[in-house]
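> generate coordinates for the sequence data below:
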Amino acid sequence: FFFCIMSFVNTLRILSTTLILSLVCLLSRTVRDVLFWIRHKSSPKPQANQKLRKFVETKNLTSITQVSEDGFGDKANRYAFAMESFKDKLYVGTSHIKYPVPGLYQFAAGYPLSSAGAQMYSFSEDENTWSQVVSGGLTDNSNFAIRKLRAIDDYMLAVSVNHEKGFEVWGTLNGSNWVILVTGGFNSKNNSSGRGITKFGDYVYVTTENRETGAELWRCSSDNIKAYLSSPKQEKDKDSLKLWEQVANKGLGDSQNFWFSDLLVFEDELYMGTMNNVSGFSLFKSEDGRNFSEIAKNGATSRFNHAAMLLTEFNGELYVSTMNWVQGFSVFVLQKRNNQNVLNPVLTNGFNSPSNAYVWQMYVYKDRLYAGTFQNSYVALRFGMFSLYSTANGRDWDVETDNAFSSKGIFWFLGKEVGDYGIRTLKVHNDKLYIGTATAHNSCKIYKAEAKK
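Residues are numbered from 1 along each chain as shown. Now for the predicted structure:
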């Protein structure tokens, strides 16, 4: 009885302490927002060619500079969701979510939400200016996000997120004029989002998210895509879906594989990861782009490894990053053992915190592999702050930042980086590393960094 009473008292103490800390943080954040609003209203609006902020260098990066306005001037641009270098410009596609609550929860659950439609911006480094190239979800504001951009040959593709009508596939030859290639989620509104895009052989492959019947994989001849984009507007066949072929459906035999995450061509084979909240992620590979074999399942080492978030090649090896809400992310490397493919962990337990739920992006820059995280803060997403790690050999990792590039100090919680919980995009453009953020209550930011010599 005494033990029960003491446990109850201790629980109340913990809850009250947590509540007080949350209120203090919320009050501090409110004061900070008011001061920022007053300062913002009383000062000239920053121009695109101004450096907005310069940060202290990290262990391997220097001249880290924010090169965009927060949200490109629109607070509802929460994620720098997609990023690609194409024809001398850097392109960024956003997610546009008007209200953090319930918007971000509707997004995560796959429900329609309030949005004015995804936007896209191009950056000219020579002129140091941003230009908007897409607004309002292109032609439909229910396209509230652009999840992926991929340059292939001399054109670029984009896939949207649309929880009402099914996602779309867009293409462009010049970055400014976009053509819709696919609407309605390949004739299924349950295909609510495009995921991976890559070219393998003569075909372009697109993966889907489908929470009802399982993920799907589609492909189209790259020549057909280019011909369609090049044809005069009046000659474009409205039924362009007939150019596409379904390669896989129903999650490749498991409808709980409700998305095929990333695609990577590695050693002349096509690799594809999944998300499965029940049994953990799987990893598939194919020699011909049609027939796939499962080389890892059940989350490799734990069913809590729900998703293979990103696949990338580094130093001749294939790396897989995971989503794990319980233990924190892992990063695996694919190796051969007794003629079998085996995923060996090189990072586990969120590196230094189980709150680091997944590695969202990995990218190679100047002979180092960089990995950016999503942090599920213990005091709600409003207070999460991303981390960035890097490695020269894939085994020994440096911490570049664990506080979203904010200034450390006793008043860290007043910084405008508090709540920037994820690195959503990484891309090398003109020999510099560009970093795009994700947030619920702030707006996305774009940083530019250079490698130390």
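
> state the distance from Leu263 to Asn177.
26 Å (Cβ to Cβ, to the nearest Å). Any C-beta I mention is one placed from the backbone N, CA and C, and that applies to glycine too.

> who's more crowded, the two?
Leu263 (22 against 11; other Cβ atoms under 10 Å).

> beta partners for that one?
Note on Leu263: beta-bridge partners Met272, judged by DSSP bridges.

> Ser293 now?
Lys285.

> and what of Leu157?
Note on Leu157: beta-bridge partners by DSSP bridges are Arg150, Gly171.

> per-residue pLDDT, it?
Leu157 is assigned 98 on the pLDDT scale.

> next up, the contacts around it.
Taking Cβ atoms under 8 Å, 6 or more residues apart in numbering as the criterion, Leu157 is in contact with 148-150, 169-171, 181, 197, 204, 206, 225.

> do Asp420 as well
384-386, 404, 437-439, 442, 445.

> 7 Å - rerun?
Asp420 is in contact with 385-386, 404, 437, 439, 442, 445, counting by Cβ atoms under 7 Å, 6 or more residues apart in numbering.

> repeat for Asn298
279-280.

> ranges for the helices of this structure?
Using DSSP state H, the helices assigned to the chain run over residues 2-42, 100-109, 184-187, 222-230, 250-253.

> least reliable of the ones you listed going by mean pLDDT?
What stands lowest among the helices of the chain, in mean pLDDT terms, is helix 2-42, with a mean of 48.

> my read: Gln119 touches Gly137, true?
No - taking contacts as Cβ atoms under 7 Å, Gln119 lies outside contact range of Gly137: 8.5 Å.

> what separation is there between the residue lying closest to Thr401 once chain neighbours are set aside and Gly73?
Closest residue to Thr401 apart from its sequence neighbours, by Cβ to Cβ, 6 or more residues apart in numbering: Leu388 at 5.1 Å. Going from Leu388 to Gly73 by Cβ to Cβ gives 25 Å.

> pick out whichever of these two has more residues nearby.
A count of neighbours by other Cβ under 10 Å puts Leu388 above the other of Leu388 and Gly73, at 26 against 15.

> what about the residue nearest to Arg219 when sequence neighbours are not counted, how many neighbours?
Distances taken as Cβ to Cβ, 6+ apart place Tyr203 nearest to Arg219, at 4.3 Å, with adjacent residues excluded. Neighbour count for Tyr203, taken as other Cβ under 10 Å: 21.

> can you verify my assumption that Tyr203 contacts Gly289?
Yes - using Cβ under 7 Å, Tyr203 is in contact with Gly289, at 6.0 Å.

> could I get the buried residue list for stretch 98-116?
Neighbour counts over stretch 98-116 (16 or more other Cβ atoms under 10 Å) mark 100, 103-104, 106-107, 110, 113, 115-116 as buried.

> and the residues you listed, which two are furthest apart?
Farthest apart among the buried residues of stretch 98-116 by Cβ to Cβ are Gly110 and Ala116. That separation is 19.9 Å.

> circling back to that earlier point, partners of the residue nearest to Thr401 in the sheet?
Counting by DSSP bridges, Leu388 is bridged to Gly372, Thr401.

> run through the residues that contact it.
Contacts of Leu388 by Cβ under 7 Å, 6+ apart are 370, 372, 400-401, 423.

> pLDDT weak spots in the stretch 301-450 of the chain?
378-380, 408-414 (pLDDT under 70).

> in contact with Leu310, which residues?
Contacts of Leu310 (Cβ under 7 Å, 6+ apart): 262, 321, 359, 361-362.

> let's see that with 10 Å instead.
The contact partners of Leu310, by Cβ atoms under 10 Å, 6 or more residues apart in numbering, come to 196, 261-262, 264, 273, 319-322, 331, 358-363, 371-372, 426.

> can you select the buried ones from those in PyMOL?
To isolate the buried members of these in PyMOL, using 16+ other Cβ under 10 Å:
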select buried, resi 196+261+262+264+273+319+320+321+322+331+358+359+360+361+362+363+371+372+426
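
> can you flag which of the contacts of Leu310 belong to strands?
196, 261-262, 264, 273, 319-322, 331, 358-363, 371-372, 426 (DSSP state E).

> what comes up buried for stretch 160-171?
160-163, 165-171.

> between the residues you listed, which is nearest Asn249?
Gly166 (14.3 Å).

> which one is the closest one nearest to, not counting chain neighbours?
Using Cβ to Cβ, 6+ apart, the closest residue to Gly166 is Gly185 (2.3 Å).

> distance of the one you found from Thr274?
18 Å.

> same question, Ala300
Distance of Ala300 to Thr274, given as Cβ to Cβ: 12 Å.

> what is in contact with the two at once?
In contact with both Ala300 and Thr274: 280-283, 308, using Cβ under 10 Å, 6+ apart.

> point out where the stretch 101-250 of the chain drops to low pLDDT.
234-239.

> reformat the contacts of Asp420 as a markdown table; add distance to Leu241 and neighbour count.
Formatted as a markdown table, the contacts of Asp420 follow (distance: Cβ to Cβ, whole Å; neighbours: other Cβ atoms under 10 Å):
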| residue | distance to Leu241 | neighbour count |
| --- | --- | --- |
| Met385 | 43 | 23 |
| Phe386 | 38 | 25 |
| Ala404 | 42 | 25 |
| Thr437 | 35 | 28 |
| Thr439 | 35 | 29 |
| Asn442 | 38 | 22 |
| Lys445 | 37 | 26 |
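
> which of the residues you listed lies closest to Phe314?
Using Cβ to Cβ, the contacts of Asp420 come closest to Phe314 at Phe386, 20.4 Å.

> quick one: the closest one and Ala438 touch, right?
Yes - the pair formed by Phe386 and Ala438 meets the contact definition of Cβ atoms under 10 Å, at 7.9 Å.

> intersection of neighbour lists for the two?
360, 372, 374, 420-424.

> and which of the residues you listed is nearest Gln327?
Out of the shared contacts of Phe386 and Ala438, the member with the shortest distance to Gln327 (by Cβ to Cβ) is Phe374, at 14.3 Å.

> what about the closest one, neighbour count?
Phe374: 23 neighbours (other Cβ under 10 Å).

> related to what we said a few turns ago, out of the shared contacts of Phe386 and Ala438, which sit inside strands?
Short answer: the shared contacts of Phe386 and Ala438 in strands (DSSP E) are 360, 372, 374, 422-424.

> can you put the residues you listed in TSV and add distance to Asn257?
Shown next, in TSV, are those (distance: Cβ to Cβ, whole Å):
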residue	distance to Asn257
Trp360	20
Gly372	25
Phe374	21
Gly422	23
Ile423	25
Arg424	23
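
> and those residues, which is closest to Asn143?
Arg424 (17.4 Å).

> next up, the contacts around the residue nearest to that closest one when sequence neighbours are not counted.
Leaving out its chain neighbours, the residue that sits closest to Arg424 by Cβ to Cβ, 6+ apart is Ala438, at 4.0 Å. Counting by Cβ under 10 Å, 6+ apart, Ala438 makes contact with 78-81, 95, 104, 360-361, 372, 374, 381, 384, 386, 420-425, 444-445.

> rerun that using 8 Å as the cut-off
By Cβ under 8 Å, 6+ apart, the contact list for Ala438 reads 78-81, 360, 374, 386, 420-424, 444.
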